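Chemist: Compute the structure for the input listed below.
(2 chains)
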Amino acid sequence: MKLKPLALIAAVAVLTLSIAPLGATAQSKKRVGVAFYSQTIPLYVEMRKGMEAEAAKRGLELEFQYSGPDAQQQSNQIANFVTKKVDLILCSPFDQNALLNAYKATRAAGIPIISVANSLASAADEDAYVGSDWSKFGTLEMTAVAKAIGGKGTVGIIEGPPAISFIHGWDQGVQAVLAKYPGITVAAKLNGGLTIEAGLTAASNILTAHPDVKAIVAATDELAEGTAQALKERGIAPGKVFVAGWDGYPQVIEMIKNGGGIDYTISNRGYTWGVLAVDTAANWLAGKKPKTHTVENPTVEVTRQNAAKLTAAEVR
Amino acid sequence: MKLARTSRTTAEWIDIGFVPVILLVLVVALAVLSPYFFSPRNFTEILLQAAILGIVSVGTTFVIIGGDLDLSIGANVALSGVVCGLAMNASHNNIPIGIAAGLGCGVLIGAINGLISTRLHVPAFVATLGMLVIGQGIALTLTNGASISNLPDAFGALANGKVLGLPGLVWWMFLTFIAGYLLLHRTVYGIRTFAVGGNREAARLAGIRVDTVRVANFVVSGLTGGIGGVLLAARVQAAQPTGGEIFTLYATAAVILGGTSLYGGRGSILRTLLGVALIALLENGLELLGVPYSNQQIAVGVVFIIAASSELIRRR
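Modeler: As a prediction, this is how the structure comes out:
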């Protein structure tokens, strides 16, 4: 009887320790903590690949932590990075307001913290931002749509949850362009989730209520994929309704090339973005701060006209 | 006449010593493996990161000892924080009104849980699960998915302001534990809770108002959920509609890990404190060792199952 609890305790200890990587790591490399909130969003998956490649080149050691959609968890992870005395933190803040205290504490501890892909509400609270003004993408996308339909007609808009900062920014860009085209009316503006299924449902509803829409403007590629499926289900030939998305997923670029029902997207170039983020971090640690607060990530518009000509390296 | 004191049986020693020994082993192992673990800064971080879980686990203890379950805590924390934030925004940043609204929301959820479980004879598992989903939906509806920001600095200071070197949030956790201890172990209500959890029918036959006690337990749990929600919003100075999701299971896990019986009638607030400490140490330690959050969750789950299965040893 006495052996069992001891065995259990030993088992717990062994299990716990076996999950942890043992052995000290080389202290000569600079360490960068990466605090992302999503492990599954394809953009972050691509970014990680680019980051790891560039970190290997620049001699940096990266440590990734993912918090999920929880600002407190992300704050805790940042605090733990500070406890571990990392040299710099790269963070994609889940919430532009709720992470403020975590950023302040990090900077107070003398550790630079650079935002990637999402920024805080106020630029003064972060050391730099590797990304873009999200409204730019809304502007680009809506402008392309407006031109494609000749500046007039009805359109449907499928955006995501308006609280997410990139959706919010995108929407502002879209609205700004709509203001310039009085001939375009918005038949419906729906916001559900960010999945293909959400896009399918929203597009179906738009097409049912407004069969005469000339374009559907989706905030992400997943929503655009759902839209393409909705059109297919109704037997509407590709190209009759202009479908625009944003992200630049490989399968969507294929669809644009092959007339699969999507006509436009913007590639975020996740891999390149990751390379840029680590590059900025490495420069910072070597004493070279970026000239502007915002380090813009290169993006590329993908249309039916140029899709076939773009190489893989140009869109990744 | 002095009663002879019988010595404790082996099973009783295991019952008492199991979790503290695991904690000791964990602390020693982590101190050896990570140079950052054993530092005042990290211990403060651990207390801070455990605080909200600690607070809500106090209420959960009442419910579990009373023979029920509360799975609505995650939504309670989120919704109470949201209501608190909305109330402050609507009242020109009146903090007392915000706090009252948040706590009131928590208590209301607890009361509804209690009434559904007792009046409608719905099993607590099902009733609170239903409230979890409803609460999450209400939180999202009220906020449209956005987090509520622009909360006053004085409100943030409730959690982050330091008193005697420790953040306010940690003191609130201590206070909640003390209050919970006194309520559960030093009042008639506490004794009745144990009775109801131990044998509901016997308690009823003994003249205890079982339904009243059960509703009171849910209200206590709801109250600590409300306190947790308000303080979580204070900690990050923003109220997130999705904040606190993890507490739904972790709070119950903390209570059971500490050694309180899942079937009710046996347990203590002190045991909950140990359970919270175990989870917090495990997560913090693994994170300092560079283990990704997803693997930390595996570790907590494994430890939880091992600890819960140790109940078999104790009951023999």
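Chemist: Excluding residues flanking it in the chain, which one is nearest residue A:233?
Modeler: Ranked by C-beta to C-beta, 6 or more residues apart in numbering or on different chains and with sequence neighbours excluded, the top spatial neighbour of residue A:233 is residue A:204, at 7.6 Å. Placement of C-beta: from N, CA and C, glycine included.
Chemist: and the one you found, what element?
Modeler: Element membership of residue A:204 [criterion: DSSP states H and E] is helix A:196-209.
Chemist: burial count for the residue nearest to residue A:233?
Modeler: By other C-beta atoms under 10 Å in any protein chain shown, 17 other residues sit near residue A:204.
Chemist: How about residue A:307?
Modeler: 20.
Chemist: Ok, residue A:180 next?
Modeler: 11.
Chemist: Just give the nearest non-adjacent residue to it, would you?
Modeler: In space, residue A:180 is closest to residue A:146, 8.0 Å off (C-beta to C-beta, 6+ apart).
Chemist: Contacts only, for that neighbour.
Modeler: Contacts for residue A:146 (C-beta atoms under 8 Å, 6 or more residues apart in numbering or on different chains) come out as A:177, A:180-181, A:184.
Chemist: Make TSV from those residues and add distance to residue B:222, pLDDT and secondary structure to it.
Modeler: Formatted as TSV, the contacts of residue A:146 follow (distance: C-beta to C-beta, whole Å; pLDDT from 0 to 100; DSSP: H, G, I helix; E, B strand; the rest coil):
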residue	distance to residue B:222	pLDDT	secondary structure
A:177	48	95	helix
A:180	52	94	helix
A:181	52	93	coil
A:184	50	92	strand
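Chemist: Tell me the one of those nearest chain B?
Modeler: For those, the residue nearest chain B by C-beta to the nearest C-beta is residue A:177; the value is 23.2 Å.
Chemist: how about the closest one, what does it touch?
Modeler: Contacts for residue A:177 were tallied using C-beta under 8 Å, 6+ apart; they are A:138-139, A:142-143, A:146.
Chemist: which of those residues has the most neighbours?
Modeler: Busiest of the contacts of residue A:177 [other C-beta under 10 Å] is residue A:138, holding 29 neighbours.
Chemist: any idea of the pLDDT on that residue?
Modeler: pLDDT for residue A:138: 94.
Chemist: after the helix or strand that it is a member of, next one along is what?
Modeler: Secondary structure assignment for residue A:138, by DSSP H and E: helix A:135-148. Remark: after helix A:135-148, the chain's next helix or strand is strand A:153-159, criterion DSSP H and E.
Chemist: hang on, the earlier thing: would you mind confirming that the residue nearest to residue A:233 makes contact with residue A:228?
Modeler: No: counting by C-beta atoms under 8 Å, residue A:204 stays clear of residue A:228, with 11.8 Å between them.
Chemist: Would you map the strands across the chain?
Modeler: This is for chain A. A:30-36, A:60-66, A:88-91, A:113-116, A:128-130, A:153-159, A:184-191, A:215-218, A:242-244, A:264-267, A:294-295, A:300-303 (DSSP state E).
Chemist: Correction: the question concerned chain B.
Modeler: Under the criterion DSSP E, strands of chain B are mapped to B:162-163, B:166-167.
Chemist: So what touches the last one?
Modeler: The contact list for strand B:166-167 (C-beta under 8 Å, 6+ apart) reads B:44, B:47-48, B:159-161.
Chemist: and with 10 Å instead?
Modeler: Residues outside strand B:166-167 that contact it (C-beta atoms under 10 Å, 6 or more residues apart in numbering or on different chains) are B:43-45, B:47-48, B:51, B:157-161, B:173-174, B:235.
Chemist: Next, format those residues as JSON lines and append distance to residue B:208, neighbour count and pLDDT.
Modeler: Putting the contacts of strand B:166-167 into JSON lines (distance: C-beta to C-beta, whole Å; neighbours: other C-beta atoms under 10 Å in any protein chain shown; pLDDT from 0 to 100) gives the following:
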{"residue": "B:43", "distance to residue B:208": "42", "neighbour count": "15", "pLDDT": "89"}
{"residue": "B:44", "distance to residue B:208": "43", "neighbour count": "17", "pLDDT": "90"}
{"residue": "B:45", "distance to residue B:208": "43", "neighbour count": "22", "pLDDT": "88"}
{"residue": "B:47", "distance to residue B:208": "37", "neighbour count": "19", "pLDDT": "93"}
{"residue": "B:48", "distance to residue B:208": "39", "neighbour count": "21", "pLDDT": "90"}
{"residue": "B:51", "distance to residue B:208": "34", "neighbour count": "27", "pLDDT": "95"}
{"residue": "B:157", "distance to residue B:208": "43", "neighbour count": "15", "pLDDT": "92"}
{"residue": "B:158", "distance to residue B:208": "37", "neighbour count": "19", "pLDDT": "92"}
{"residue": "B:159", "distance to residue B:208": "38", "neighbour count": "24", "pLDDT": "92"}
{"residue": "B:160", "distance to residue B:208": "43", "neighbour count": "19", "pLDDT": "89"}
{"residue": "B:161", "distance to residue B:208": "43", "neighbour count": "14", "pLDDT": "90"}
{"residue": "B:173", "distance to residue B:208": "31", "neighbour count": "27", "pLDDT": "97"}
{"residue": "B:174", "distance to residue B:208": "31", "neighbour count": "15", "pLDDT": "97"}
{"residue": "B:235", "distance to residue B:208": "39", "neighbour count": "26", "pLDDT": "91"}
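Chemist: From those, list the ones also adjacent to chain A.
Modeler: Applying C-beta under 10 Å from any C-beta of the partner chain to the contacts of strand B:166-167, one finds that B:43-45, B:48, B:159-160, B:235 fall near chain A.
Chemist: Next, count neighbours for residue A:49.
Modeler: Residue A:49 has 15 neighbours, counted by other C-beta under 10 Å.
Chemist: Domain boundaries for chain A, per the record?
Modeler: By the assignment in automatic domain parsing, chain A contains the domains A:28-130+A:270-298, A:135-267.
Chemist: Save those domains as JSON lines, and put in distance to residue B:291 too.
Modeler: Output for the domains of chain A, formatted as JSON lines (distance: least, C-beta to C-beta, whole Å):
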{"stretch": "domain A:28-130+A:270-298", "distance to residue B:291": "9"}
{"stretch": "domain A:135-267", "distance to residue B:291": "28"}
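Chemist: tell me which parts of the stretch 101-250 of chain B are close to chain A?
Modeler: Contacts of the stretch 101-250 of chain B with chain A, taken as C-beta under 10 Å from any C-beta, map to B:140, B:143-151, B:156, B:159-160, B:232-233, B:235-246.
Chemist: residues touching the spatially most central residue of chain B, list them.
Modeler: Residue closest to the mean C-alpha point of chain B, counted by C-alpha atoms, centre = their mean, is residue B:57 at 1.4 Å. Shown in contact with residue B:57 (C-beta under 10 Å, 6+ apart): B:50, B:64, B:73, B:173, B:176-177, B:180, B:221, B:224, B:228, B:247, B:250-255, B:257-258, B:269, B:272-273, B:275-276, B:279.
Chemist: picking that back up, least confident of the strands of chain A, on average?
Modeler: The bottom spot among the strands of chain A, by mean pLDDT, belongs to strand A:184-191, with a mean of 87.
Chemist: Output it as CSV, nothing but the C-alphas.
Modeler: Only the C-alpha atoms of strand A:184-191 are listed here, as CSV (Å, rounded to 0.1, in the frame of the first residue of the first chain):
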residue,chain,number,x,y,z
ILE,A,184,-22.3,51.5,-55.8
THR,A,185,-24.9,50.4,-53.3
VAL,A,186,-24.2,47.9,-50.6
ALA,A,187,-27.0,45.3,-50.7
ALA,A,188,-25.9,43.6,-47.5
LYS,A,189,-23.1,43.7,-45.0
LEU,A,190,-22.8,40.5,-43.0
ASN,A,191,-20.4,39.6,-40.2
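Chemist: Adjacent strands (with direction) for it?
Modeler: Sheet pairing of strand A:184-191 (DSSP bridges) gives strand A:153-159 (parallel).
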